[in-house]
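Q: what follows is a predicted protein model with its sequence.
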Amino acid sequence: SFNAAISACEKGGAWEKALQLLNVMAQSKVDFNTVSFSAAISACEKVGEWDAALQLLRVMAESEVERSAVSFNAAMSACKKGNEWERVLQLFHLMAQSFVESDTIACSAAISACEEELQWEKALHLFSLMLRHKLEPSTITYAAVISACEKGGECAKALELFDIMVQLQLEPDTIVFSASITACEKNRTCDQALCLLHKMGSAICNNLATSFLRV
């Protein structure tokens with residue numbers, strides 16, 4: 001089927017071929033569906049073709065094809081890869097306007113955009129909305145919101161979020177550790193910075209050991 005062929009293009013990153021298949025579907029008067037477009041958008045996302053991804057999302061609306069969280073997330077991810085942070089936020093708002101329910105992936109992408117745009121208050125607001133809607137923040141989410149707070153000079157809040165992350169038994173990554181250590185530096189809490197530096201070193205060693213055992 002066309003959907004299977006487009007999905008194969010997605011997995012191979014053959015975005016141009018995926019677009020060609022959509023054109024063939026149109027010429028053959030085969031009905032488009034959400035799966036067809038979402039797979040094509042994901043193919044564009046894999047190679048950072050954000051402009052093509054956005055165009056497909058527009059065509060979905062014009063063709064009255066239902067846009068899903070998967071299609072929006074793929075388009076947002078494509079914009080992230082292209083450093084089109086303002087477009088990521090626009091897509092997040094469009095998602096809500098289109099009555100498509102946001103998930104952890106979409107919220108994390110929007111918070112990352114806020115971090116890059118130095119909008120720490122908006123990042124915190126989105127993070128609060130996630131919790132209010134019972135969405136579970138991921139390590140990526142925490143990395144973005146902690147970095148946003150650190151860049152915005154809200155160091156105490158960044159460290160508070162780090163503590164919550166640890167309490168939830170989420171493993172901090174290098175980005176989280178680096179932002180938290182910088183927050184300690186700005187907050188003049190030297191002992192805490194040294195403690196975090198030690199934990200980061202231990203985490204890196206554990207990850208290397210795990211990787212070695214898998215080989």
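A: Looks like it arrived, so ask away. These figures come from a predicted structure and were not determined experimentally.
Q: show which residue of this protein lies farthest from the average position.
A: Farthest-out residue of the chain from its mean C-alpha position, per C-alpha atoms, centre = their mean: residue 28, at 35.4 Å.
Q: what helix or strand is the nearest residue to residue 2 once chain neighbours are set aside located in?
A: Closest residue to residue 2 apart from its sequence neighbours, by C-beta to C-beta, 6 or more residues apart in numbering: residue 25 at 5.2 Å. C-beta coordinates here come from the backbone N, C-alpha and C atoms, glycine included. Assigned by DSSP states H and E, residue 25 belongs to helix 15-27.
Q: so which elements touch that helix?
A: With contacts taken as 3 or more C-beta pairs under 8 Å, 6 or more residues apart in numbering; DSSP states H and E, helix 15-27 sits against helix 2-12, helix 34-46, helix 50-62.
Q: the residue positioned nearest the centre of the chain and residue 77: what is the separation?
A: Nearest to the centroid of the C-alpha atoms of the chain, with distances taken as C-alpha atoms, centre = their mean, sits residue 109, at 3.3 Å. From residue 109 across to residue 77, the span is 7 Å (C-beta to C-beta, to the nearest Å).
Q: and if you look at residue 48?
A: As judged by C-beta to C-beta, residue 48 and residue 77 stand 9 Å apart.
Q: more neighbours: which of these two?
A: Per other C-beta atoms under 10 Å, whichever of residue 48 and residue 77 has more neighbours is residue 77, with 23 against 19.
Q: give me the below-cutoff pLDDT ranges for this structure.
A: Where the chain drops to pLDDT under 70, the residues are 187-215.
Q: sketch out the helices for it, chain order is fine.
A: According to DSSP state H, the chain carries its helices in the segments 2-12, 15-27, 34-46, 50-62, 69-81, 85-97, 104-116, 120-132, 139-151, 155-167, 174-187, 190-214.
Q: contact partners for residue 144?
A: Counting by C-beta atoms under 8 Å, 6 or more residues apart in numbering, residue 144 makes contact with 108, 111-112, 114-115, 123.
Q: if I look at it, how far off is residue 39?
A: From residue 144 over to residue 39 the distance is 27 Å, taken as C-beta to C-beta.
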